[in-house]
Structures are given as structure tokens and as C-alpha cells.
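J.: Okay, predicted coordinates and the sequence, questions at the end:
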Amino acid sequence: MSSEILVKKLPNDIGGDAGGKIEMVEHELLPWEKRCHALADVLDFHKIINTEEKRRGVEALGSEMIGKLSYYERWIVAFSNILFQKGILTPGELATKMAEVESRYLTDTALSKANG
Amino acid sequence: MHSEDHNQDHDHPHDHGREHDHPHEEISITEAPGYYDVMETAVRELLVERKLFGPDEIRRQIEVLDSRTPALGAKVVARAWVDGDFRKRLLEDGRKGCEELGITFYDDTQLIVLENTPDTHNLIVCTLCSCYPRPVLGLPPDWYKLKPYRSRAVYEPRAVLEEFGTHIPNDVEIVVSDSTALVRYLVLPMRPAGTENLTEEELASLVTRDAMIGVVPVNYQKRAA
């Protein structure tokens, strides 16, 4: 396949491509997915990241990540990247906070085991 | 570590929570939150710390999201069927029409309502992503957002509709409308025959989510008395 098509059609631009049978799949959102959706709306309300920026942020992940991450996984990674680009957060700050969130979970688990 | 399904058994959303007839299992998180789950919490907490939004805003928005279901869209459709003046205003400005019925739009999106007629059948898709009219339909199901529907709806709508058992005769034009982040669509389906004596509420109960994006018609089967 010529590389031209990659230039003309970015990963989200799939209207008109060949596609398989439509399977009517749906799932109840996981709690974090619903929070992620609400986060998207709140970011939009406050004009921090609007819907179109989010869509482009997802597209900027590239086709491999788009293919391998689930819908809301793409959103939260795109939000992080956009927040870095806007200088609102740094990758270091996010990494530190993620470690803190994880260790908080581990502490809570240890505590509940000790109390249980 | 983050399959779509594996958490659902023990931590499912509680849309039917009040009517559980089985004892509720103790709500416990039995495994560590996944990478993306942790990332969501971290991003949110950092932004709240920076005072970019308040700590309560996410919870309140979840309540808004939970309050939006296709029943709202169905109410709009039923009103349009019984009230010609409303129908006209709705087709002129979808958002204002919905707002007339007390349905607030919590975002900046505009809504264009497309009316099905004996000559024209409308189908809605968001080929680029997942822009559907959430304030009146709720969150879209996965399949509206997945490749088969998004890619095919625009070039072989008749075949797509046939997959749903919807046969559109060849002399009826199919118009496919592709949403953007700011402009969303809602289909006003045709009122089914035999519903002349139904109340507005009964009419609304016939209207399904998928009928409002145009993949199926609204059907009515008169119950035997």
C-alpha cells in the first residue's frame, strides 16, 4: 500500500473504509470510565480541553495505540498529553501523583486486612 | 490488566440498585486499580489541587450523565408527533425545542433534528469518533463508536440498515448525516400507523434509542384486546 493514504486519512477518518458486520456490543461503564467521561465534560465546561481537542488528542496517539487501547483509555491518555502540551501538568508531576494514588490503595488494602 | 469485562461482576454500576432482590454483596475492591484507572484519579486530583475545577464537579456531572437516557429523546419525538407547532420549532432549532421541554443541554453542542418522511430516511453516524446527542439519548453504546458502523454507514447505508432488519425501498432516499463535535443530529422517526388514539406518553414509550439515530423505524403492534 502506498504511504499516501496515511497522509490523506488520519486514524479517526474511517468513514467509507471497508468494515465488518456490525455487532451490537455495549457494556456498562466501569466506575473509572464514567468518571473519565465526567472529567471530559468538566474539562470542556471550564474550557481546559474541548471536545475537538480531545478528538485530535486521541488521533495524535497514532494508529497502534488507538487500536490497542479501549475508548476511555485513549481519552485519559489524550487528556494527559494535552495537559502536558498546554503546560498545565508535567509528566513528572503525573508520575509522582500516580505513584501516590497507587500507594494509597496499597495502604488502604493493608489497613482493611489488618482490621478485617 | 484492563479488559472491558472483568470488573463488572463485582463493581457494576447501580442503575437497578434499588430493586435488587438478591442480597448485595459487600462492595469491595478485590484487585488493584489498573494503570488507566490510576491515571484518571491522578489527573483529576492534580487539577482539583490546582483549583482548575472544584472537588465536587465530577460527582455532580456523573449524576447528570446518569439522568440522561433515550426516554428524553422519546419525549421530544412524541411531542413533535402530537403538536405540529412544536414540531416546526424543533426542526428549526433542535436544541431550543428540547429546552422547551425542560431538557437542558449541559454542553456547547447544537442539535439538528432530521425528519423522516415517506420519501426520505435519515441515518446518523459520527465517522470520526462518537459525537451523538448525549443530552437527549444518554451515552452511546459501544457499537455506535466502533469501526463497522462508523465506516460503513456512509457508503452502504442500505446494506447497514438491512442488517438491522430495516428495509428501505429503493425509491426512498437515504440521507446520512455525519456529526461533528459541535453539531449533533437526532432523527425524528415517522409516527407508526394505528397510533391515532395513543396518548403522548404511550407514543413516547414506542420510541427507541436506535430509532432516533435512524437504524430502525418506530413500530407499533396493537395488542389484542
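T.: Alright, I've got the coordinates. Everything quoted here is computed from the prediction, not taken from an experiment.

J.: How many neighbouring residues does the closest residue to chain B within chain A have?
T.: Closest contact between chain A and chain B, by C-beta to the nearest C-beta, is at residue A:15 (3.0 Å). Any C-beta I mention is one placed from the backbone N, CA and C, and that applies to glycine too. By other C-beta atoms under 10 Å in any protein chain shown, the residues close to residue A:15 number 19.

J.: Over to residue B:169?
T.: 8.

J.: Doesn't it lie inside a strand?
T.: No. If the criterion is DSSP: H, G, I helix; E, B strand; the rest coil, then residue B:169 is coil and not within a strand.

J.: how about the helices of chain B, start to end?
T.: Using DSSP state H, the helices assigned to chain B run over residues B:35-49, B:57-67, B:70-82, B:84-92, B:94-100, B:134-137, B:142-145, B:147-152, B:157-163, B:200-206.

J.: Report the residue ranges of every domain in chain B.
T.: B:36-67, B:69-212 (automatic domain parsing).

J.: quick check, the first one touching chain A?
T.: Yes. Figure legend: domain B:36-67 in contact with chain A (C-beta under 8 Å from any C-beta of the partner chain); contacting residues B:36-47, B:50, B:52-53, B:57-59, B:61-62, B:64-65.

J.: If any of those residues are buried, put those into a PyMOL selection.
T.: Selecting only the buried members of the residues of domain B:36-67 next to chain A in PyMOL, with burial defined as 16 or more other C-beta atoms under 10 Å in any protein chain shown, works like this:
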select buried, chain B and resi 36+37+38+39+40+41+42+43+44+46+47+53+57+58+61+62+65
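
J.: Of all the domains of chain B, which one is nearest residue A:27?
T.: domain B:69-212 (6.2 Å; C-beta to C-beta).

J.: Quick check: end-to-end length of the closest one?
T.: 12 Å (C-alpha to C-alpha, to the nearest Å).

J.: average model confidence for it?
T.: Regarding domain B:69-212, the rounded mean pLDDT is 96.

J.: for stretch B:32-42, same thing?
T.: Mean predicted confidence for stretch B:32-42 is 95.

J.: What of stretch A:21-38?
T.: Mean predicted confidence for stretch A:21-38 is 95.

J.: Quickly check: that stretch near chain B or not.
T.: Yes. Contact of stretch A:21-38 with chain B (C-beta under 8 Å from any C-beta) involves A:21-32, A:34-38.

J.: residues of that stretch that come out buried?
T.: A:22, A:28-38.

J.: where does chain A dip in pLDDT?
T.: For chain A, the stretches flagged by pLDDT under 70 are A:1, A:116.

J.: Excluding chain neighbours, give the residue nearest to the residue of chain B found nearest chain A in space.
T.: Proximity of chain B to chain A (C-beta to the nearest C-beta) peaks at residue B:127, 3.0 Å away. Of all residues not flanking residue B:127 in the chain, residue A:15 sits nearest, at 3.0 Å (C-beta to C-beta, 6 or more residues apart in numbering or on different chains).

J.: Please report phi then psi for that neighbour.
T.: Dihedral angles of residue A:15 (phi, psi; degrees, to the nearest 10) stand at phi -60, psi 130.

J.: my read: it touches residue B:147, true?
T.: No. Using C-beta atoms under 8 Å, residue A:15 makes no contact with residue B:147, being 10.2 Å away.

J.: and the longest helix for chain A?
T.: helix A:91-115.

J.: Do it and chain B come into contact?
T.: Yes. Helix A:91-115 lies within reach of chain B by C-beta under 8 Å from any C-beta, at A:93-94, A:97-98, A:100-102, A:105-106, A:109.

J.: what residues are up against residue 69?
T.: Just going to use chain A. Residue A:69 is in contact with A:61, A:77, B:36, counting by C-beta atoms under 8 Å, 6 or more residues apart in numbering or on different chains.

J.: not what I meant, chain B
T.: By C-beta under 8 Å, 6+ apart, the contact list for residue B:69 reads B:137-138.

J.: Recalculate using a threshold of 6 Å.
T.: Contact analysis of residue B:69 by C-beta atoms under 6 Å, 6 or more residues apart in numbering or on different chains lists residue B:138.

J.: and if you look at the one 3 residues further on?
T.: Residues near residue B:72 by C-beta under 6 Å, 6+ apart: B:103, B:136.

J.: do that again at 10 Å, thanks
T.: B:98, B:101-103, B:133, B:135-138, B:204 (C-beta atoms under 10 Å, 6 or more residues apart in numbering or on different chains).

J.: same deal with residue A:51?
T.: Here residue A:51 is in contact with A:40-41, A:43-44, B:107-109, B:129-131, B:180-182 (C-beta under 10 Å, 6+ apart).

J.: The same query, at a cut-off of 8 Å, please.
T.: When contacts are counted by C-beta under 8 Å, 6+ apart, residue A:51 touches A:40, A:44, B:107, B:131, B:181-182.

J.: One more: residue A:88?
T.: Here residue A:88 is in contact with A:48, B:47, B:50, B:52 (criterion: C-beta under 8 Å, 6+ apart).
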